[in-house]
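Enquirer: below is the sequence, then the predicted model.
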Amino acid sequence: MIIQVPASSANLGPGFDSIGIAVSLYLKLEVLGLSDNWQVDHQLGKLPHDETNMIVTTALSVAPDLPPQHLRVVSEIPVAHGLGSSSSAIVAGIELANQLKDLNFSKEEKVEIASQIEGHPDNVAPAILGGLVVGTHINGHFSAVEAPLFPYAFAAYIPPYNLKTADARAALPYQLEYSQAVHASAVANTFVASLFAKNYDVAFKLMEADRFHEPYRKELVPELDQIRELGKKHGALATYLSGAGPTVMTVIDNDDYGLFEQAVHAAGLKGKVVRLHPDVEGVKLI
Ligand SMILES: Nc1ncnc2c1ncn2[C@@H]1O[C@H](COP(=O)(O)OP(=O)(O)OP(=O)(O)O)[C@@H](O)[C@H]1O
Ligand SMILES: N[C@@H](CCO)C(=O)O
């Protein structure tokens, strides 16, 4: 059995902790069979190979009596780079328990469990449902609503350094002044309305008008402003900080992608540029 989970790009500008989209990089989790101890084969650097691996801790939190397995993980999703690697591990762990214990979780149940673990639904909900998702929690329970997908590609600029979500969250202010909070929320509300109305002129302006997190995190990711400027010169629709960063995501028409990628490299930026597309299926068995 192989479980496949897509990467996800959260926030999309003003949708902090509530909006995310599944994108075409994948984690594949293969179940090789029963084992004396949990064993996770992977080539993902320092991540654990035993029962402390996040995929296993998640599976055991869902099904504590799950017998130890030999697992193989192959992932294209860079760890701690703002493309939802931790969410892909959580969703894979939930699906592992779901399959091995025949739990028959609905998609909604998976979103609830994964969001409780991650704390917010913006990466886990699209990784489960696919597509573009808006969600939050009310009275301790999570709801996620699928939004229409916009018909464009992504150029992901993936820097050579990583940035842990915890460190990127530590850069955020403890409080926002009332008038600033009202404005930030109005930007986000109008952004969501424009996505559902498919009013992309408005949506892509607002994607670059976040007041919740980018102003505080851009010092951690100096490439954000630089790539946004390059995007404006090369036909991009909008650029935002993917999740907690450091990946910088540019929404762009497929026809404009090549020249934009060349411009990023010509500017001397040292990261990778990868063309991504929305994933519409979410977690699945392959
Ligand atoms: N394939 C994986 N297997 C097991 N654990 C993983 C895997 N990928 C990520 N993790 C865990 O998630 C941590 C990284 O999570 P973090 O939230 O910092 O980054 P991210 O999820 O890539 O970024 P973002 O949430 O901004 O998209 C790793 O240190 C590790 O504990
Ligand atoms: N919304 C989250 C995504 C990363 O978990 C953040 O920006 O911190």
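Expert: Thanks, I have the structure now. Ligands and ions are numbered 1, 2, ... in the order given.
Enquirer: which bits of the stretch 101-250 of the chain sit near ligand 2?
Expert: Contact residues (C-beta under 6 Å from any ligand atom) of the stretch 101-250 of the chain with ligand 2: 120, 122, 123, 165, 168, 169, 213, 243, 244. Placement of C-beta: from N, CA and C, glycine included.
Enquirer: mind listing what the second one touches?
Expert: Spelled out, that is residue 122. When contacts are counted by C-beta atoms under 8 Å, 6 or more residues apart in numbering, residue 122 touches 8, 10, 11, 15, 16, 17, 18, 19, 20, 133, 135, 243.
Enquirer: helix or strand for it, which one?
Expert: In this assignment (DSSP states H and E), residue 122 forms part of neither any helix nor any strand.
Enquirer: quick check: phi and psi at it.
Expert: Note on residue 122: its backbone torsions stand at phi -70, psi -30 [degrees, to the nearest 10].
Enquirer: over to the most far-flung residue of the chain relative to its centre. Which of the three states is it?
Expert: If you look at how far each residue of the chain sits from its centre, by C-alpha atoms, centre = their mean, the farthest one is residue 36, at 33.7 Å. Using DSSP: H, G, I helix; E, B strand; the rest coil, the three-state assignment for residue 36 comes out as coil.
Enquirer: which parts of the stretch 101-250 of the chain are helices?
Expert: With DSSP state H, counting those that start in this stretch, the ranges of helices along the stretch 101-250 of the chain come out as 107-118, 124-129, 165-170, 178-197, 200-207, 214-217, 223-233.
Enquirer: any idea which of these is most buried?
Expert: Each of the helices of the stretch 101-250 of the chain was given a mean neighbour count from mean count of other C-beta atoms under 10 Å, and the largest, a mean of 32, is that of helix 124-129.
Enquirer: anything in it near ligand 1?
Expert: No - remark: helix 124-129 sits outside contact range of ligand 1, by C-beta under 6 Å from any ligand atom, the gap being at least 9.6 Å.
Enquirer: quick one: list the elements packing against that helix.
Expert: Contact partners of helix 124-129 among helices and strands, from 3 or more C-beta pairs under 8 Å, 6 or more residues apart in numbering; DSSP states H and E: strand 2-11, strand 15-34, helix 85-100, helix 107-118, strand 132-138, strand 141-147.
Enquirer: and the first one, C-alpha only, in CSV?
Expert: What that stands for is strand 2-11. These are the backbone C-alpha positions of strand 2-11, laid out as CSV (Å, rounded to 0.1, in the frame of the first residue of the first chain):
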residue,chain,number,x,y,z
ILE,A,2,1.3,3.5,-0.9
ILE,A,3,-0.3,6.6,0.5
GLN,A,4,0.3,9.8,-1.4
VAL,A,5,-0.1,13.3,0.1
PRO,A,6,0.3,16.6,-1.8
ALA,A,7,2.3,19.6,-0.6
SER,A,8,0.3,22.7,0.4
SER,A,9,0.9,26.4,0.3
ALA,A,10,-0.8,28.3,3.1
ASN,A,11,-1.9,31.9,3.7
